[in-house]
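Undergrad: Show me the folded form of this:
(one chain, ligands or ions: 1)
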Amino acid sequence: MGDNEFVVVANRLPVDKVGDHYEVSPGGLVAALAPVLRAREGCWVGWPGNIGETLEPFEFGGISLVPVTLDQNDFERFYEGFSNSTLWPLYHDLIVQPEYNQEWWDSYVEVNRKFAEAAARAAADGATVWVQDYQLQLVPGMLKELRPDVTVGFFLHIPFPAPALFQQLPWRNEILEGLKGCDLIGFQRNTDEDNFRLLTQDIRTGTFPISIDASEIAVAPEEDVAKLRAAVGNPKHLLLGVDRMDYTKGILQRLLAIESLLEEGALDDVAFIQLATPSRERIEHYRTTRKDVEEAIGRINGRFGDVGRPIVHYIHRSVPKEKLGTFYAAADIMLVTPFKDGMNLVAKEYVAAHPNADGALVLSEFAGAAVELNQAYLCNPFDLESVKAAIVGATEPDAARMRHMHDWVMEHDVAAWAQSFLEEL
Ligand code: ADQ
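TA: Model prediction:
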């Protein structure tokens, strides 16, 4: 038994090793939980991000961190395998075919046990433990067995599929048993919660749409915005996409919509910036997605660009958060077109970056964000004509709609999200 009254358990620790030192990783979850961790003498249990590295618990940025070691086999079977090649595609409604592999499942059980044991060692008598996301669905049950005295919450950051899809999983009963160790499970949308409740009503559930740390999106200096727009040729319409390079995000679909509009002459004087963070590149479907996106970009620029004036400006790297604000502020139209997405924080970040209510958001109906940001130009990414119509609509933006969404996001930030979940727990 440890002495932490509050324990967060997540696949990753909220730090990245840069050279020989650590930096707090960007992201709302750390921002939201750091104050709670400090106030309640808490700790964060997670993998530090380097394969095979074993570290003693350490303090960083005022948070105490409890590292869990993952070796090469764990990484390949638990992380790339079961988490990202089985659960990720299954929970995102089979955009690609999930793989069911007994070795990966065995590793998932083993690694979940490592996390549960680390949390059991860290938690004080009667502590509150908050487990995060699809990689750790067995932790609640394992932890409750080791430590019946603790209160366990779980939040699922990605969608929960309809029962007919979930039933495909050979280990569906084990997953449900694992989750039954929870005192409360939080979902992003009512539909995720409803899907889960069709399988079991033995657990308390709730819907808690996650949000952003609005203060992280700095208001961009006007000269930076002007410089960025000039760099892409001061187009009438500057379009933007910001995503992890993932097949769920519908990056190719928005490119095809732009290409089709250019072909029809329905869009002119346009530039499109696509920022894409490299992601899960050892997995075949991710490599195919990247190849298809890059091929489309090359084709569009070849067909419609000019020397010194491409249509699509593409960066396949992570951009620092302070620069991201300039891209958001400069964009006339933000394209968020996932086939399926738990929430999509990019949509909320864009809205937060427009305090003057300029700009327009094109948003997929299949993103969790569409529930709250229902004043966006909504589209169905499975229907190219629908994406095209939303883009055309967004070329004549409506400030009232943007104002409404901006105010909503500023009021419902990630701190409010964490507070509402923990109060309910
Ligand atoms: P993700 O699938 O990673 O998260 P998202 O919610 O959009 O998706 O968050 C991505 C974050 O990464 C954003 O904060 C964004 O700013 C940043 N990012 C993306 N591309 C970037 C780039 N090129 N450079 C710098 N930063 C970049 C999962 C679920 C989501 C859910 C979140 C939180 O899939 O549905 O909203 O968790 O619960």
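Undergrad: For the stretch 201-350 of the chain, which residues are neighbours of the ligand?
TA: The stretch 201-350 of the chain comes close to the ligand at residues 210, 242-244, 275-277, 318-319, 324, 341-346, 349, as judged by Cβ under 6 Å from any ligand atom. Where you see a C-beta, it was placed from the backbone N, CA and C, and this is true even at glycine.
Undergrad: Just the buried ones from the residues you listed, in PyMOL syntax?
TA: Applying 16 or more other Cβ atoms under 10 Å to those, the buried members can be selected in PyMOL as follows:
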select buried, resi 210+242+243+275+276+324+341+342+343+344+345+346+349
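Undergrad: Contacts (any at all) between the ligand and stretch 32-45?
TA: No - using Cβ under 6 Å from any ligand atom, stretch 32-45 stays clear of the ligand, with a minimum separation of 10.7 Å.
Undergrad: Name the nearest residue to K321, ignoring sequence neighbours.
TA: In space, not counting the residues next to it along the chain, K321 is nearest to P26; the distance is 4.9 Å by Cβ to Cβ, 6 or more residues apart in numbering.
Undergrad: One more: N73?
TA: Closest to N73 by Cβ to Cβ, 6+ apart is S107, at 6.7 Å.
Undergrad: so when I look at that neighbour, I'm seeing a helix, right?
TA: Yes - per DSSP: H, G, I helix; E, B strand; the rest coil, S107 lies within a helix segment.
Undergrad: what number of residues lie near the residue nearest to K321?
TA: By the measure other Cβ atoms under 10 Å, the count of residues near P26 is 16.
Undergrad: That one contacts E216, correct?
TA: Yes - using Cβ atoms under 8 Å, P26 is in contact with E216, at 7.2 Å.
Undergrad: so what sits against both of these two?
TA: Taking Cβ atoms under 8 Å, 6 or more residues apart in numbering as the contact rule, P26 and E216 both touch K321.
Undergrad: which residues touch the residue of the stretch 51-200 of the chain found nearest the ligand?
TA: Proximity of the stretch 51-200 of the chain to the ligand (Cβ to the nearest ligand atom) peaks at H157, 3.5 Å away. H157 makes contact with 132-134, 188, 210, 342-343, according to Cβ under 8 Å, 6+ apart.
Undergrad: got these as TSV, with distance to E80 and pLDDT columns?
TA: Below are those laid out as TSV (distance: Cβ to Cβ, whole Å; pLDDT from 0 to 100):
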residue	distance to E80	pLDDT
Q132	19	97
D133	16	96
Y134	14	98
Q188	24	98
I210	24	96
G342	20	97
M343	23	97
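Undergrad: secondary structure element for F272?
TA: strand 270-277 (DSSP states H and E).
Undergrad: Not counting the following helix or strand past that strand itself, show me its contacts.
TA: The element immediately downstream of strand 270-277 (helix or strand, assigned by DSSP H and E) is helix 284-304. Applying Cβ under 8 Å, 6+ apart, the external contacts of helix 284-304 come out as 85, 89, 96, 245-247, 251-252, 255-256, 258-259, 262, 274, 276, 279-281, 310-312, 314, 316.
Undergrad: export helix 284-304 as PDB, just CAs?
TA: The C-alpha trace of helix 284-304 is given here as PDB (Å, rounded to 0.1, in the frame of the first residue of the first chain):
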ATOM      1  CA  GLU A 284       0.700  -1.500 -42.300                       C
ATOM      2  CA  HIS A 285      -2.700   0.400 -42.500                       C
ATOM      3  CA  TYR A 286      -1.000   3.500 -41.200                       C
ATOM      4  CA  ARG A 287       1.700   3.300 -43.900                       C
ATOM      5  CA  THR A 288      -1.000   2.800 -46.600                       C
ATOM      6  CA  THR A 289      -3.000   5.800 -45.300                       C
ATOM      7  CA  ARG A 290       0.100   8.000 -45.500                       C
ATOM      8  CA  LYS A 291       0.900   6.700 -49.000                       C
ATOM      9  CA  ASP A 292      -2.600   7.400 -50.200                       C
ATOM     10  CA  VAL A 293      -2.600  10.900 -48.700                       C
ATOM     11  CA  GLU A 294       0.800  11.800 -50.200                       C
ATOM     12  CA  GLU A 295      -0.200  10.500 -53.600                       C
ATOM     13  CA  ALA A 296      -3.400  12.600 -53.600                       C
ATOM     14  CA  ILE A 297      -1.400  15.700 -52.500                       C
ATOM     15  CA  GLY A 298       1.100  15.200 -55.400                       C
ATOM     16  CA  ARG A 299      -1.700  14.700 -57.900                       C
ATOM     17  CA  ILE A 300      -3.700  17.800 -56.800                       C
ATOM     18  CA  ASN A 301      -0.600  20.000 -56.900                       C
ATOM     19  CA  GLY A 302       0.400  18.500 -60.300                       C
ATOM     20  CA  ARG A 303      -3.100  19.200 -61.700                       C
ATOM     21  CA  PHE A 304      -4.000  22.500 -60.200                       C
END
